[in-house]
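Asker: Fold the following for me, if possible:
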Amino acid sequence: MSAGEPEAEEEVRLDGTNYRATRVLGRGGMGVVVEAIHKELGKRFAVKLLSPPGGAPVTHFEEDRLRVEAQALANIDSPHVVSVHHIGRTTAGKLYVAMDLLEGQSLAAELAERGRFPVREALLLARDALAGLHAAHKLGVVHRDIKPANLFLVHRPDTPRGHVVKVLDFGVAKITELAERHGIEAPVIPTKDGYFMGTPRYFSPEHVTYGPFDARTDLYGIGLILYVTLTGRGPFDEEKGLSGLALAAATSVPPAPSRFAPDRVDAKLDALVLRALEKRPQDRYPDARSFMGAIDSYLAALEEPAPAPVAKAPEVAPEQPQSTRRVVATELIEAPDRVVADPMAWAPTVPMDPPAPVEAASPRKARPARSRRAKPNREPFRARPFVVALLVTMAMVALAFLAVRFALAPG
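Answerer: Take a look at the predicted model:
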């Protein structure tokens with residue numbers, strides 16, 4: 001034991017194995033999960049140990065289910081399903097399974113902190129879980145207990161979302177004939193259709209009507225996961241107790257998610273979720289791949305940029321008689337306070353007449369400032385003959401008058 005590592009509790013010791021338990025990660029009705037270090041490799045694992053609380057004896061049924069879970073997980077090849085590396089017994093005869101040690105927290109814990117998820121994140125989370133279930137279904141393994149506590153958000157800072165979803169706990173999985181052909185042994189004590197199992201708040205109709213269970217049962221579970229992550233609540237949260245929840249799962253039509261989250265869930269997303277929650281399995285998505293395709297289509301539409309608004313054609317004013325007043329460039333220059341930021345955008349602020357015809361396309365020259373009127377140039381005066389004669393006559397008369405007056409003057 002290295003310095004600083006906490007010693008595990010006495011009943012969780014892994015004596016006689018290659019693992020040394022360091023701390024308890026969680027407890028359940030069938031046993032305990034601890035963090036352990038491989039003595040030879042120095043690598044950390046999560047070890048699930050059958051150890052019922054209170055020192056109760058382990059039943060053959062519990063051992064059988066753990067063995068089946070270990071075989072199923074060892075054969076399912078998916079980054080969205082936890083991997084199993086070893087199965088064995090302690091010196092006390094307790095069965096244990098060594099699995100990946102995951103850093104992060106369950107979806108149940110995440111929901112308790114956040115309440116609900118953004119639409120895109122909720123859909124991608126469900127898609128991850130569906131990818132893991134698709135790998136299980138291809139081998140003929142049906143999970144049968146899909147709920148937030150069995151989906152784990154693994155901390156992965158190198159990914160775009162910062163986490164990857166993994167499906168946990170195949171403890172009540174159904175092993176079909178297809179799974180047996182892949183080398184997964186069926187339980188010695190089978191859980192036949194008609195056996196009541198699972199978590200009541202996440203029951204499918206098949207859980208209540210005693211099967212039959214198939215891959216579409218898990219799709220119903222993912223539909224509930226989507227409902228909860230989008231709205232922060234389940235469709236039948238008003239029901240209390242096993243009987244109320246079971247009756248609602250079997251007979252009640254779930255309200256549309258948009259009823260509880262109108263700001264984030266549209267009609268198409270309502271339809272996507274509610275199809276997974278159909279009462280009859282044949283009315284749901286046929287398989288996990290189809291469900292993933294529906295999510296991908298919705299996400300693609302969600303990410304498409306909104307179409308650009310169509311530019312409205314400018315209204316053309318009816319033709320009017322040409323006015324004598326015109327707005328020309330000189331007016332914009334001489335009265336800059338009448339011009340907006342764009343000199344060509346003066347129509348809204350300066351009432352004006354329709355544009356001048358093409359002939360007036362070029363701007364008119366600025367009108368010069370008004371000045372005194374200049375006298376026109378005139379030709380030099382040229383005397384005419386009758387004018388000359390008149391002037392000579394008038395001069396002679398004046399001289400004669402002066403001569404007579406001078407002659408009559410005294411002395």
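
Asker: on contacts alone, who are the packing partners of the helix or strand that residue 65 is a member of?
Answerer: Using DSSP states H and E, residue 65 maps to helix 60-75. For helix 60-75, the packing partners by 3 or more Cβ pairs under 8 Å, 6 or more residues apart in numbering; DSSP states H and E come out as strand 44-50, strand 84-89, strand 95-99. Using the backbone N, CA and C atoms, a C-beta is placed for each residue, glycine as well.

Asker: could you give the angle of it to strand 84-89?
Answerer: With axes from the mean of the first three to the mean of the last three Cα atoms, to 10 degrees applied, the angle from helix 60-75 to strand 84-89 works out at 150 degrees.

Asker: In the stretch 201-350 of the chain, where is pLDDT below threshold?
Answerer: 304-350 (pLDDT under 70).

Asker: what about the helices in it?
Answerer: Here the stretch 201-350 of the chain has its helices, by DSSP state H, counting those that start in this stretch, at 205-208, 215-231, 241-251, 267-276, 288-303, 329-334.

Asker: winner for burial among those helices?
Answerer: Across the helices of the stretch 201-350 of the chain, the average number of neighbours (mean count of other Cβ atoms under 10 Å) peaks for helix 215-231, which reaches a mean of 25.

Asker: Can you name every helix or strand that that one contacts?
Answerer: helix 107-114, helix 119-138, strand 141-142, helix 205-208, helix 267-276, helix 288-303.

Asker: Spell out which residues make up each domain of the protein.
Answerer: 7-101, 103-303 (automatic domain parsing).

Asker: Can you lay out these as CSV showing distance to residue 389?
Answerer: Listed next are the domains of the chain as CSV, based on distance: least, Cβ to Cβ, whole Å:
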stretch, distance to residue 389
domain 7-101, 132
domain 103-303, 110
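
Asker: closest to residue 397 out of those domains?
Answerer: domain 103-303 (117.1 Å; Cβ to Cβ).

Asker: ok, residue 54 to residue 95 distance?
Answerer: 18 Å (Cβ to Cβ, to the nearest Å).

Asker: Adding mean neighbour count, distance to residue 147 and mean pLDDT, write the helices and strands packed on helix 60-75 out as JSON lines.
Answerer: Listed next are those as JSON lines, based on neighbours: other Cβ atoms under 10 Å; distance: least, Cβ to Cβ, whole Å; pLDDT from 0 to 100:
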{"stretch": "strand 44-50", "mean neighbour count": "22", "distance to residue 147": "18", "mean pLDDT": "94"}
{"stretch": "strand 84-89", "mean neighbour count": "17", "distance to residue 147": "21", "mean pLDDT": "94"}
{"stretch": "strand 95-99", "mean neighbour count": "23", "distance to residue 147": "19", "mean pLDDT": "95"}
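
Asker: Same list (those strands) but as JSON lines, adding distance to residue 202.
Answerer: As requested, the helices and strands packed on helix 60-75 are exported to JSON lines (distance: least, Cβ to Cβ, whole Å):
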{"stretch": "strand 44-50", "distance to residue 202": "21"}
{"stretch": "strand 84-89", "distance to residue 202": "24"}
{"stretch": "strand 95-99", "distance to residue 202": "23"}
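
Asker: Ok, which of those strands comes nearest residue 208?
Answerer: Nearest to residue 208, of all the helices and strands packed on helix 60-75, is strand 44-50, at 28.9 Å by Cβ to Cβ.

Asker: For residue 210, which of the helices and strands packed on helix 60-75 is the nearest?
Answerer: Among those, the nearest to residue 210 by Cβ to Cβ is strand 44-50 (27.4 Å).

Asker: Listing partners with orientation, what would you give for that closest one?
Answerer: For strand 44-50, the paired strands and their directions (DSSP bridges) are strand 31-38 (antiparallel), strand 95-99 (antiparallel).
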